Structures are given as C-alpha cells and as structure tokens.
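K.L.:
Structure for the following, please:
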Amino acid sequence: MRFFQTAHAGLADGSVTVTFRRWKRAQVKVAGMYRVGPVDLTVDRIDRVPLERITAGDARRAGFTDRAALVAFLGPPDVDATDELVWRIAFRCEPAAPKVAPSGKLTLADVDELRRRLDRLDRNGPTGSTGPWTREVLELIARRPGVVSTELSAELGRERAPFKIDVRKLKRLGLTESLEVGYRLSPRGKALLRRLG
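P.N.:
Numbers count the residues shown, from 1 in each chain. Just a heads-up that it's a prediction; the model follows:
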C-alpha cells in the first residue's frame, strides 16, 4: 500500500490511522502487515463507505488538511453517482523492525526492542482471540521445525488460518522462516529465545 512521502511523518507519529482508496477490490487484508517507509503497518479493519459521508476529521486522520484534499487524492470516480462507495482501511503502525544481521546476532538494544514488540503483540492477543501467544508459538516452532501448520495450530487449540497470520507477524520481525512444509526459527529467533530463557 503506497502513501505520499508527505504522509510518512504522520504514519510514524501515529496521527495517520486510516486511508481511503478507489479500488475495484480490496488490495490488502485484515491483519496483513505492510512496510511503508519508516513503519510497519498492520490492517485492523477494511470496509466500504459512501464518499459523501467522509468528514473533515476522516480526512485529517488520513493525513490530509481537509476533505477536498482527500477527494482530490482519490481522483475521478469510475461512475458518476452521488452514493459512490470507497474503501476505508483502518490500521496501526509501529517503527519498522530492525534489519536482521545475517549471523542472527542480537545486541542488547535489539533484544529490548524485540521484547517490546513481542509484548505489544501479546497485548493485542493472537489473531481472532486474546492473551499472550508469541513465546508459546516461538517455542513450539523451535520444538517442531518443519511440521505442517495444521498440526502446530491444533496443538495450541487454534484455527489454522489465524495461526498462520500470527506466524507471519513473527516472520516480519525476522524470528521465523517458512519452509516448504512448516517453519523453523531463524538464527535471530533462536538467539532471542535463548535470551528470553
């Protein structure tokens, strides 16, 4: 999902929390994670709203000075109708995950940052549920590398699709790697799990 460079500061400071698009179909998924400039963006909600109901407050939350600027950004409509629907995408952002050293070595600052990010994921709960989950999933993958996601999710009593979404969140942090079947911890994931002890 692309944003003008001028929106990057608002994404980074948390003042931009929504965007509107004239797509024929949704181009992002709920719980999908996307790198946008200096941040990792996680989609919380996608819906369609009438263009005429977008307010000045909506425009400001999307990083525009007023409603007219947002409508200009959207461009001309595909159809000439007053009740045109546009996509509204609500999201949250956090600083982009630190780049992964090939060796997987972690500095104390890396460990602190990753611990903070795992705690934040835990506070938000696993996809479709609540409660801490990150360390449990990392430990499970460490114990059972290369095991199909259906078995791993069943072991935790979870549905497969939300479980896979959560593993992708850990992959974005450089902690897991996808295999032809199942997953394994990356060198960074192994190093972090040892530090978390």
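K.L.:
alpha carbons only for contacts and neighbour counts from here, please
P.N.:
Noted.
K.L.:
what's the following helix or strand after whichever helix in the chain runs longest?
P.N.:
Determined from DSSP state H, the single longest helix within the chain is helix 108-124. Under the assignment DSSP states H and E, the closest C-terminal helix or strand after helix 108-124 is helix 134-143.
K.L.:
going on from that next one, what's the next piece of helix or strand?
P.N.:
Assigned by DSSP H and E, the successor of helix 134-143 is helix 149-155.
K.L.:
by contact count, what packs against that following helix?
P.N.:
With contacts taken as 3 or more C-alpha pairs under 8 Å, 6 or more residues apart in numbering; DSSP states H and E, helix 149-155 sits against helix 160-172.
K.L.:
Buried residues of the helix it packs on, list them for me.
P.N.:
Arg160, Pro162, Phe163, Lys164, Ile165, Asp166, Val167, Arg168, Lys169, Leu170, Lys171, Arg172 (16 or more other C-alpha atoms under 10 Å).
K.L.:
Between helix 134-143 and that helix, find me the angle.
P.N.:
Counting by axes from the mean of the first three to the mean of the last three C-alpha atoms, to 10 degrees, helix 160-172 lies at 90 degrees to helix 134-143.
K.L.:
Which strands or helices does helix 160-172 pack on?
P.N.:
If contacts are counted by 3+ C-alpha pairs under 8 Å, 6+ apart, helix 160-172 sits against helix 149-155, strand 176-178.
K.L.:
Distance from the chain centre to the longest helix of the chain, please.
P.N.:
Remark: helix 108-124 is offset 15 Å from the chain centroid, using C-alpha atoms, centre = their mean, to the nearest Å.
K.L.:
Buried ones in that helix, by neighbour count?
P.N.:
Result for helix 108-124 [16+ other C-alpha under 10 Å]: buried residues Asp110, Val111, Leu114, Arg117, Leu118, Asp119, Leu121, Asp122.
K.L.:
need the helix or strand of the chain with the lowest average pLDDT.
P.N.:
Of all helical and strand segments in the chain, the minimum by mean pLDDT, DSSP states H and E falls on strand 33-36, at a mean of 82.
K.L.:
helix or strand right after that one?
P.N.:
strand 39-50.
K.L.:
Beyond that next one, next helix or strand please.
P.N.:
helix 56-61.
K.L.:
still on that earlier bit, using CSV, lay out the buried residues of helix 160-172 together with pLDDT.
P.N.:
CSV is the format used below for these (pLDDT from 0 to 100):
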residue, pLDDT
Arg160, 90
Pro162, 88
Phe163, 91
Lys164, 90
Ile165, 87
Asp166, 89
Val167, 92
Arg168, 87
Lys169, 87
Leu170, 91
Lys171, 89
Arg172, 83
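K.L.:
Go through these and name the one nearest Gln5.
P.N.:
The closest of the buried residues of helix 160-172 to Gln5 turns out to be Arg172 (C-alpha to C-alpha; 22.5 Å).
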